[in-house]
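Enquirer: sequence and predicted structure, then a few things I'm wondering about:
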Amino acid sequence: VPGLAIGVEGFIAKRWLLAGELSTTTSLQATQSGRFVPGGGPALATHRDTLVSLLSGAEVPIGALALEFKGGISLVLGKPEQGDLPVNQDSGRFGLTLGVDGVARLGEKLDLVPSFRYTHVWRGGDALYVGLGDEIIRAGVGVRFWL
């Protein structure tokens, strides 16, 4: 589903970086029925994972381009719902995030940045009953403004 990510990044040494990111998506939706759905269903289940991540990493120059490899921890925000009822199963609170950004300079203070993020979330066994897995994968393209 479509989403949005906003980040702040800075170099702490020549090639080493530290970044904070906030990413979210529109709600995932699926019609569910069965014994784990209140009243047997069908019910429209919705969920949105919002990630607040603290990442560190390194930049690897490749000619006029660069790759930035990042990894760190993420706080996971979001509560699944079935119909109008919140679900009490744990949707996870923490995750481990790994990612890579490509950096193509467009101007003196402007970069084009395709990115990929993989987050493993420790949700607990009950999250599967509401249709949530342990992996979040996000890919996108953004722009970076240098201050």
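Expert: Alright, I've got the coordinates. Because the structure is a prediction, the values reported are computed rather than measured.

Enquirer: dig out what Ala66 forms beta bridges with.
Expert: Pro61, Val103 (DSSP bridges).

Enquirer: what's the weakest-modelled helix or strand in this protein?
Expert: The helix or strand of the chain with the poorest confidence is strand 85-86; it has a mean of 65 (mean pLDDT, DSSP states H and E).

Enquirer: so Phe116 sits against Ala139, correct?
Expert: Yes: if you go by Cβ atoms under 8 Å, Phe116 and Ala139 touch, sitting 5.0 Å apart. Every C-beta, even on glycine, is put in place using the N, C-alpha and C of the backbone.

Enquirer: looking at these two, which is more packed in?
Expert: Phe116 (13 against 10; other Cβ atoms under 10 Å).

Enquirer: which stretch of helix or strand covers that one?
Expert: Assigned by DSSP states H and E, Phe116 belongs to strand 110-121.

Enquirer: and the pLDDT at Thr26?
Expert: On the pLDDT scale, Thr26 is placed at 85.

Enquirer: change the start of the numbering to 729 and stick with it
Expert: Sure thing, new numbering starts at 729, so read that last one as Thr754.

Enquirer: what about it, how many residues nearby?
Expert: For Thr754, using other Cβ under 10 Å, the count is 11.

Enquirer: which SS state does the closest residue to Phe797 other than its chain neighbours fall under?
Expert: Closest residue to Phe797 apart from its sequence neighbours, by Cβ to Cβ, 6 or more residues apart in numbering: Gly785 at 4.9 Å. The three-state assignment at Gly785 reads strand, by DSSP: H, G, I helix; E, B strand; the rest coil.
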